[in-house]
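Participant: Structure for the following, please:
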Amino acid sequence: MMRLLFVVFGLTLLTILPVYAVEKADEDRLDEVAERGAHVMPFDLEKTTHVFSKTDTGGIQQVIANDKSDTKQISLIRSHLSGITDEFKQGNFSNPEKIHGASMPGLAELKTAKTGQIKIEYKELPDGAEITYSTHIEKLKLAIHQWFDAQLSDHARHAVSGHSHQHMHHKD
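Facilitator: Below is the predicted model of the structure:
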């Protein structure tokens, strides 16, 4: 009887808990995205990691150097993220579109946001940089989350999902 209760409890949890795993894109898609990304992102994908952390108000996107002493990659990360922060604040999401395509989930909604509807902040980290996206508009929060999931899928070789409100830095 006790065993049956555990099975029922376990199955109940599986049906009510949200699933956070993002399915990795197929190998051809990963190759295409890496190739296009090399023309947009100046840093080396093999020497860096993207971290996407969803939050209650949007999310935090980080790019960190795998080797915290690699000052070249850190400088390239900071330059790129600082530049795209300025672009995103103006509603210009052309770089993600160049890498992931116009049909990237969440991107169309982000492009329709009016100036100021999404607060976008850049911050340097010891081993890279981050961009924080926050909004109180529900459809834009959902768009940010969809956009993060699409990036996790497309950058699967070079990206990890962070945890809500947890800032990740150098991987040991």
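Participant: Help me confirm that Val51 comes into contact with Leu152.
Facilitator: No. Val51 lies out of contact with Leu152 (C-beta atoms under 8 Å); the separation is 9.6 Å. C-beta here means a position set from N, CA and C on the backbone, and glycine is covered the same way.
Participant: list residues touching both of those two?
Facilitator: Contact criterion C-beta atoms under 8 Å, 6 or more residues apart in numbering; residues shared by Val51 and Leu152: Ala159, Val160, Ser161.
Participant: Mind telling me what element the second one is part of?
Facilitator: In the assignment (DSSP states H and E), Val160 maps to strand 159-161.
Participant: List the strands paired with that strand, with their directions.
Facilitator: Sheet pairing of strand 159-161 (DSSP bridges) gives strand 48-55 (parallel).
Participant: Specify the next element, helix or strand, located C-terminal of the partner strand.
Facilitator: Using DSSP H and E, the helix or strand that follows strand 48-55 in sequence is strand 58-65.
Participant: so how far is that following strand off the chain centroid?
Facilitator: Using C-alpha atoms, centre = their mean, to the nearest Å, we find the averaged C-alpha position of strand 58-65 to lie 6 Å away from the chain's own average C-alpha position.
Participant: Stretch 79-88 now?
Facilitator: Averaged C-alpha coordinates place stretch 79-88 at 15 Å from its chain's average position (C-alpha atoms, centre = their mean).
Participant: Can you give the contact residues for the longest helix along the chain?
Facilitator: Ranked by residue count, the top helix of the chain under DSSP state H comes out as helix 71-89. Where contact means C-beta under 8 Å, 6+ apart, the residues beyond helix 71-89 that reach it are 41-44, 47-48, 61, 63-65, 67-68, 93-95, 115, 118, 120-122, 124, 127-131.
Participant: So which of those residues are in helices?
Facilitator: Taking DSSP H as the definition of helices, those contribute Ser94, Asn95.
Participant: Tell me the buried residues within the contacts of helix 71-89.
Facilitator: Neighbour counting with 16 or more other C-beta atoms under 10 Å marks 41, 43-44, 48, 61, 63-65, 68, 93, 95, 118, 120, 122, 127-131 as buried within the contacts of helix 71-89.
Participant: Name the member of the shared contacts of Val51 and Leu152 with the most neighbours.
Facilitator: Taking other C-beta atoms under 10 Å to define a neighbour, the member of the shared contacts of Val51 and Leu152 with the most is Ala159, carrying 23 neighbours.
Participant: Bridged to it, which residues?
Facilitator: So, taking DSSP bridges as the rule, Ala159 has His50 as bridge partners.
Participant: Next up, the contacts around it.
Facilitator: Ala159 is in contact with Thr49, His50, Val51, Phe52, Gln151, Leu152, counting by C-beta under 8 Å, 6+ apart.
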